[in-house]
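*Asks:* Take this sequence and fold it.
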Amino acid sequence: MEDEIRKFMEEQGLKEKALKVERYRRLNKFAKKGQILFVGSSLMEQFPIDEMQRQIDIPLEIYNRGIGGYVTTELLDNIDACILELEPKYIFINIGTNDISGPTYNKEELLANYGKILDIIKDRLPDTKVTLLSYYPTNPEFGEKLPYMKEVLSYRSNERIKEANEDVKEFAEKRGLPWVYVNDGLMDDKGYLKEEFAIDGMHFFANGYKVILENMLPMLKELH
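*Replies:* Numbering: from 1, shown residues only. Next comes the predicted model:
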């Protein structure tokens, strides 16, 4: 029975992702070219940038094309709808936390897929500037409060996130791309994601995203 439920949930998740891709394809027809794009998994999808950008003074509009649950291969498979169709001038990417959130995580595969994504962007959008964002901290204590989160938080540990950040930072430097640390102010004295920001130990309430946006704001204001 558990296997059947898991299979059903996986199928529903795939259908939901496919529907989001189709929605983005249709929505992209109304988007302005040459703007700013946020793209990645749920941590980007749930970034309420559409509302928050109304409160800040930046010269370009920000579009969000994150999709919850996405791993690097899925972004690669749907790169047209999530990135290329918008023809953005600037891209900020946060993808890979779902890749590291399981027992079969392979650093080489993550970086290889990331490289393929960047190669396509460079080939299809040669004038677009790409910035890689740091992975955010988690709070493992939520695994005790929310038992269904215990397993994923054991894999998506702050130790693994720190290592992945170091790997992606080095990877970006080798490609001559900026990697930006946006986690200042997110962690408590244990190095965990602050409880007041955390929904389930890894996803954020809006006040957490406000901190991230404030960390990004000096950079965003310079874009034109």
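*Asks:* where along this protein do the strands fall?
*Replies:* Using DSSP state E, the strands of the chain run over 36-40, 62-64, 90-94, 129-133, 179-180.
*Asks:* Those strands: which one's closest to R26?
*Replies:* strand 62-64 (13.8 Å; C-beta to C-beta). (Glycine included, C-beta is placed from N, CA and C.)
*Asks:* How about residues contacting stretch 188-195?
*Replies:* With C-beta atoms under 8 Å, 6 or more residues apart in numbering as the test, stretch 188-195 has contacts from Y136, P137, T138, N139, P140, E141, N158, L186, M187, G201, M202, G208.
*Asks:* measure it end to end?
*Replies:* Terminal residues of stretch 188-195 lie 8 Å apart, using C-alpha to C-alpha, to the nearest Å.
*Asks:* got the buried residues for that stretch?
*Replies:* Buried residues in stretch 188-195, counting neighbours by 16 or more other C-beta atoms under 10 Å, are found at Y192, L193, K194.
*Asks:* What of stretch 54-61?
*Replies:* For stretch 54-61, the neighbour count (16+ other C-beta under 10 Å) marks I58, L60 as buried.
*Asks:* now do the same end-to-end measure for that stretch.
*Replies:* OK, stretch 54-61 end separation, C-alpha to C-alpha: 10 Å.
*Asks:* contact partners of it?
*Replies:* Here stretch 54-61 makes contact (C-beta under 8 Å, 6+ apart) with 32, 34-36, 53, 89-90, 213, 217, 220-221, 223-224.
*Asks:* what residues are up against A31?
*Replies:* Per C-beta under 8 Å, 6+ apart, neighbours of A31: Y63, E85, L86.
*Asks:* Many thanks, I have nothing further to ask.
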